[in-house]
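Novice: Need a 3D model of the sequence below.
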Amino acid sequence: MSYSTADSLPTVTLDDVRGAQKMLSGVARMTAMEGSRHLSGLVGAPVHLKCENLQRTGSFKLRGAYVRIAGLLPEERAAGVVAASAGNHAQGVAHASSLLGVRSTVFMPVGAPLPKVAATRDYGAEVRLHGQVVDETLAAAQEYAHETGAVFIHPFDHPDIIAGQGTVGLEILEQCPEVRTIVVGIGGGGLAAGIAVAVKALRPDVKVIGVQAAGAAAYPPSLEAGRPVSIPCPATMADGIKVGRPGDVPFQLVEELVDEVRTVSEDELSSALLLCLERAKLVVEPAGASPVAALLSDPHSFEGPVVAILSGGNVDPLLMQRILRHGMAAAGRYLSLRLRLTDRPGALATLLGVLSVVDANVLDVSHVRTDPRLGLTEAEVELHLETKGPVHCAEVGAALRDAGYLVID
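Specialist: Purely as a prediction, here's the structure:
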């Protein structure tokens, strides 16, 4: 670790990342690199997926947490560690602490998904639920550290954390030496900063592109201002990158070394998650799917071969269900419409027969008979259908109109 002469902040070097890699030997897995034929076809060049969703604890966070805690002095280890997180960092700290024989306390928001809370406990941490948002949880963890002497383990704003995350970059260069572009999700910036340090030192020709959710994109205004700035009320389904302000240490590295930071929409995130599940057979959380979302949003703007980092796979099943529905709707796999028909016996069966011919699966049907806009013998039917995509949606609508139905929307 060295210090930047510009602002006296600690920075990270290639030697730091290489040292972290040695420390993580036998602890963190070298995760798989999987090719994606579908994404390669869209981009027009080979695309590989770096599967950190298959890392121990389900994300890259174990790397940085282990390096940070392993570097503590004996008296600091004796005091224990404390962290605040809604999920991935919590599990990384809990498991790293358990491996190193250090007592850990993790503060999590009251509404944290139950599977993540249970997993953090299973990894050996004492979990305390506090606050409705991560900022309140973070404040509670820092107060606990002040009162007890426990060492606070920041999720991204520390050089040891960044060095640990940077080992992902070393693995990418080893597994895909021909890589030209690396795409990585950005929250606070620890992973992107660490990867950029490692990759740019060894292969300055490789582009590193960061991706943020549009509703929680603190890096674009920060880069424009030349310093970390806060954004009010970040909102995104991608809780792993839902960070309102870049970290001071990773920001200076991202500003210097990362070539570009892009943003993606919620629709693009859900479509990317659905693609990972359907095409790659990989369970990925929204934050982990953000690089794939960037590839989907503008595929021809990436120089290949491309490596997209799937940074985590810890997604709550209930959230997964909602995201999949959203992703299928965004992909044109659901169709909702209203139409009018004559209110007589057999009318609904006839309508369903038309839908059967065009192979549309009916998920839900509801009737309205009391609307004053309806004629005496009319009924309005609202349909929710499962379809095969936008082309099939158009075919369903055409078939209904050809059969004489008035489709309202």
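
Novice: which residues of the stretch 251-400 of the chain fall in strands?
Specialist: Under the criterion DSSP state E, counting those that start in this stretch, the stretch 251-400 of the chain contains strands at 260-264, 306-310, 334-342, 361-368, 378-386.

Novice: Among those strands, which comes closest to His89?
Specialist: Nearest to His89, of all the strands of the stretch 251-400 of the chain, is strand 306-310, at 16.6 Å by Cβ to Cβ. C-beta here means a position set from N, CA and C on the backbone, and glycine is covered the same way.

Novice: which strands and helices sit next to that closest one?
Specialist: helix 37-43, strand 47-51, helix 159-175, strand 181-185, helix 290-297 (3 or more Cβ pairs under 8 Å, 6 or more residues apart in numbering; DSSP states H and E).

Novice: 6 Å - rerun?
Specialist: When contacts are defined as 3 or more Cβ pairs under 6 Å, 6 or more residues apart in numbering; DSSP states H and E, strand 306-310 packs onto strand 47-51, strand 181-185, helix 290-297.

Novice: Make JSON lines from these and add mean pLDDT, mean neighbour count and distance to Arg325 to it.
Specialist: Formatted as JSON lines, the helices and strands packed on strand 306-310 follow (pLDDT from 0 to 100; neighbours: other Cβ atoms under 10 Å; distance: least, Cβ to Cβ, whole Å):
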{"stretch": "strand 47-51", "mean pLDDT": "98", "mean neighbour count": "25", "distance to Arg325": "24"}
{"stretch": "strand 181-185", "mean pLDDT": "98", "mean neighbour count": "27", "distance to Arg325": "22"}
{"stretch": "helix 290-297", "mean pLDDT": "97", "mean neighbour count": "27", "distance to Arg325": "17"}
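
Novice: so which of those comes closest to Asp205?
Specialist: Closest of the helices and strands packed on strand 306-310 to Asp205 is strand 181-185, at 10.3 Å (criterion: Cβ to Cβ).

Novice: Quick check: buried residues in the following helix or strand past that closest one?
Specialist: Downstream of strand 181-185, the next assigned helix or strand under DSSP states H and E is helix 190-202. Under the neighbour-count criterion of 16 or more other Cβ atoms under 10 Å, helix 190-202 has Gly190, Leu191, Ala192, Ala193, Gly194, Ile195, Ala196, Val197, Ala198, Val199, Lys200, Ala201 buried.

Novice: now stretch 329-336
Specialist: Quick answer for stretch 329-336 (16+ other Cβ under 10 Å): Ala330, Ala331, Arg333, Tyr334, Leu335.

Novice: picking that back up, pick the most deeply packed of the strands of the stretch 251-400 of the chain.
Specialist: Most buried of those, by mean neighbour count (mean count of other Cβ atoms under 10 Å): strand 306-310, with a mean of 29.
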